[in-house]
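S.K.: Provide a 3D model corresponding to the input given below.
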Amino acid sequence: MVNGPPVGPWRHVLMTTDLSEHAGNALRRCLAAGLPGDAARSLLYVFDAPALRLAMSGSMGKEEQRDYLEDLCRESGLELAQFIGRAGLGQIRRIVQPEEATVVGELQKTADRVKADLIVVST
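M.R.: Next comes the predicted model:
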């Protein structure tokens, strides 16, 4: 669903995934339909970082929190790369982001950062 007809070609399409088979199917359909056209494409995966929200996060020092997030980011990046391969999505910029507030909030921050003019939600 889009809010209105495009006023010109899209420059950057931000797609999202939860790494599920359904998301892969939806993204393949989007690409097959030619929706992104020649626009730059990014794929966002927002991952959960539960230890930062739990009571024990207060007992984790800044360095431990950073290391924890780096490990999760690395693992999530590998999972995203495998998903892209399984789904046959081809060349696409991969973005992994921890869920610090809400998934919607992370999506909006990322869309603003990459200057996306179309967001494709596949979940």
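
S.K.: where does Gly37 sit relative to Leu27, distance-wise?
M.R.: Applying C-beta to C-beta, to the nearest Å, the value for Gly37 to Leu27 is 15 Å. Heads up, the C-betas are built off the backbone N, CA and C, glycines and all.

S.K.: And Val121, by the same measure?
M.R.: Taken as C-beta to C-beta, the span from Val121 to Leu27 is 10 Å.

S.K.: Between these two, which has more neighbouring residues?
M.R.: Of the pair Val121 and Leu27, Leu27 is the one with more neighbours under other C-beta atoms under 10 Å, namely 24 against 16.

S.K.: residues in contact with the more buried one?
M.R.: Applying C-beta atoms under 8 Å, 6 or more residues apart in numbering, we find Leu27 in contact with Met15, Thr17, Leu43, Ala87, Leu89, Val120, Ser122.

S.K.: State the pair within those that is farthest apart.
M.R.: Ala87 and Val120 (13.2 Å; C-beta to C-beta).

S.K.: Next, the residue sitting nearest the centre point of the chain: secondary structure please.
M.R.: Against the mean C-alpha coordinate of the chain, by C-alpha atoms, centre = their mean, the closest residue is Leu44 at 1.1 Å. Here Leu44 takes the strand state, with states given by DSSP: H, G, I helix; E, B strand; the rest coil.

S.K.: So what pairs up with it in the strands?
M.R.: Thr16, Ile95 (DSSP bridges).

S.K.: Kindly present the contacts of Leu27 as CSV, with separate columns for neighbour count, distance to Tyr68 and pLDDT.
M.R.: CSV is the format used below for the contacts of Leu27 (neighbours: other C-beta atoms under 10 Å; distance: C-beta to C-beta, whole Å; pLDDT from 0 to 100):
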residue, neighbour count, distance to Tyr68, pLDDT
Met15, 26, 27, 95
Thr17, 23, 23, 96
Leu43, 23, 24, 97
Ala87, 21, 28, 94
Leu89, 19, 29, 92
Val120, 20, 30, 91
Ser122, 19, 28, 84
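
S.K.: Could you tell me which ranges of this protein sit under the pLDDT cut-off?
M.R.: Judged by pLDDT under 70, the chain has its weakly predicted residues at 1-3, 51-58, 123.

S.K.: I appreciate the help and will end here.
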